[in-house]
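>>> coordinates for the following, if possible.
(2 chains)
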2 protein chains.
Amino acid sequence: MCLIHGEGDGEGEGEGEGITGLSLNPPTNFATVEEGIYRSGFPRPPNLPFLRSLQLRSIVYLCTEPYPEENHNFLRSQNIRLFQFGIEGKREPFVPIPQETVTEALKVLIDVRNHPVLIHCKRGKHRTGSLVGCLRKLQGWCLSSVFEEYQRFAGAKSRITDMRFIETFDVTWLRQCLYSIIYRYQGYSSNKRRLMYREESVHKTRIASS
Amino acid sequence: MCLIHGEGDGEGEGEGEGITGLSLNPPTNFATVEEGIYRSGFPRPPNLPFLRSLQLRSIVYLCTEPYPEENHNFLRSQNIRLFQFGIEGKREPFVPIPQETVTEALKVLIDVRNHPVLIHCKRGKHRTGSLVGCLRKLQGWCLSSVFEEYQRFAGAKSRITDMRFIETFDVTWLRQCLYSIIYRYQGYSSNKRRLMYREESVHKTRIASS
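Okay, the predicted model is just below:
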């Protein structure tokens, strides 16, 4: 994300306005997870100018419902790719989050070719929080920090079932993939190391280990 | 930040461990604000390996108390520059946040030469939240989104005085500086535009407008 959003050359001067004079309205529960990875609740039409400023390359959408036409049109106009991983969001009757679905979503997330990417569900609390929690585990964060972050977004709506899912989520296979990653140094301000994820090399690893 | 932290080549395999086998412990209330800008509560010794993984170039410290020797040593060993902007953190007796101090801190924040930068105070709630809130205003976020973010970190400890400070904080002068910014396109995955802040050009603007 560029530090200062906006497309223009600085015409706006009013309070609460961007340098284009446009007041930016991020989706509810919006935050940066990592460089190139964002999270939020469902983006509504007033949030689209803000989303445009992120110059997204893809969206990871975690609901089972079809994507609304208006959002679809936005994605088409911005050439943004939609990855839908339908996860049931209702608390009752309780349907466990499928581990394979989260693994597939993680594969999309850690592939920098999909960045910048926005993860969202409906409120950006439970499904998004669970996926981000699993990403943090993969990154090696201790569980107390993973839960602190989950609770910061879910607040009073925090679910013990989500936290249990994160705790028991097995990152071994994905970590195995990481053994075959390609690190690339990019000459970008500092010694920055990025993860390049290659489907082929992962497949080779699976075959080799089976 | 690199997506996957750690220095090694992937020896660790345990649950909750990074690819180096090290469990990373971010400081309390840690989050990414923007690419190259992080926020947190006070970093304690167990958090230093995580901070190392961020490859910080500077820290913006918002308390009046001197920086602890252990943290100072860490900064020295990592060649991290400390910018201290002492702001009183006590609720009683109420001392207003000085506008000039926040402006100076913002100047450090928006200067990409200081990135990656970590902002922290004691709990990462009030002083850090107020500074980040002013940064969001400068970015043109609408106030409701600025307050939502502030409250996500401050929770039940949210202070109306901080939110009033953010609301009345005048970004006009800093925005004026932005008219003399230098946008630079960096050939880094997408058309990414970054803000380069130059003291000289800002001074010229001040002189010209006075």
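
>>> A strand includes A:Thr28, no?
No: looking at A:Thr28 with DSSP: H, G, I helix; E, B strand; the rest coil, it is coil, so not inside a strand.

>>> and it, how many neighbours?
Neighbour count for A:Thr28, taken as other Cβ atoms under 10 Å in any protein chain shown: 19. (Glycine included, C-beta is placed from N, CA and C.)

>>> contact partners for it?
If you count contacts by Cβ atoms under 8 Å, 6 or more residues apart in numbering or on different chains, A:Thr28 has them with A:40-42, A:123-124, B:148.

>>> angles on the backbone of the residue most central in space within chain A, please.
In chain A, the residue lying closest to the centroid (Cα atoms, centre = their mean) is A:Ile119, at 3.2 Å. Reported as degrees, to the nearest 10, the phi and psi values for A:Ile119 are phi -90, psi 130.

>>> go on, A:His120?
phi -150, psi 150.

>>> who touches it in this structure?
By Cβ under 8 Å, 6+ apart, the contact set of A:His120 is A:27, A:39-43, A:59-62, A:128.

>>> again, 6 Å this time
A:His120 makes contact with A:Ser40, according to Cβ atoms under 6 Å, 6 or more residues apart in numbering or on different chains.

>>> stretch A:148-168: which residues count as buried?
A:149-154, A:158-159, A:162-163, A:165-166 (16 or more other Cβ atoms under 10 Å in any protein chain shown).

>>> closest to chain B out of those?
Minimum distance to chain B across the buried residues of stretch A:148-168 is 5.6 Å, recorded for A:Arg152 (Cβ to the nearest Cβ).

>>> for chain A, what helix or strand is lowest in average pLDDT?
strand A:182-188 (a mean of 39; mean pLDDT, DSSP states H and E).

>>> related to what we said a few turns ago, ok, the residue nearest to the centre of chain A touching A:Ser58?
No: using Cβ atoms under 6 Å, A:Ile119 makes no contact with A:Ser58, being 9.9 Å away.

>>> coming back round to it: beta partners for the residue nearest to the centre of chain A?
A:Arg39, A:Val60 (DSSP bridges).

>>> wait, what's in contact with it?
A:39, A:60, A:128.

>>> any idea how many residues pack against the second one?
In other words, A:Val60. Neighbour tally, A:Val60, other Cβ under 10 Å: 25.

>>> distance of it from chain B?
The gap separating A:Val60 from chain B is 15 Å, by Cβ to the nearest Cβ, to the nearest Å.

>>> spatially nearest residue to A:Arg152 (excluding sequence neighbours)?
B:Arg152 (5.6 Å; Cβ to Cβ, 6 or more residues apart in numbering or on different chains).

>>> so how far is whichever strand or helix holds that neighbour from its chain's centroid?
Per DSSP states H and E, B:Arg152 falls inside helix B:143-154. Put simply, helix B:143-154 sits 16 Å off its chain's centre (Cα atoms, centre = their mean, to the nearest Å).

>>> helices and strands around that helix, which ones?
helix B:127-138 (3 or more Cβ pairs under 6 Å, 6 or more residues apart in numbering or on different chains; DSSP states H and E).

>>> angle of the helix it packs on against helix B:143-154?
Angle of helix B:127-138 versus helix B:143-154, following axes from the mean of the first three to the mean of the last three Cα atoms, to 10 degrees, is 160 degrees.

>>> now tell me what touches helix B:127-138 from outside.
By Cβ under 6 Å, 6+ apart, helix B:127-138 touches B:33, B:39, B:62, B:87, B:89, B:97, B:102, B:105, B:119, B:121, B:146, B:150, B:153-154, B:162, B:165-166, B:169, B:171, B:174.

>>> ok, now stretch A:151-161?
Contacts for stretch A:151-161 (Cβ under 6 Å, 6+ apart): A:29, A:125-126, A:129, B:152.

>>> one more: stretch A:47-64?
Counting by Cβ under 6 Å, 6+ apart, A:1, A:5, A:24-27, A:43, A:74, A:80-87, A:105, A:108, A:114, A:116-119, A:121-122, A:127, B:190 sit against stretch A:47-64.
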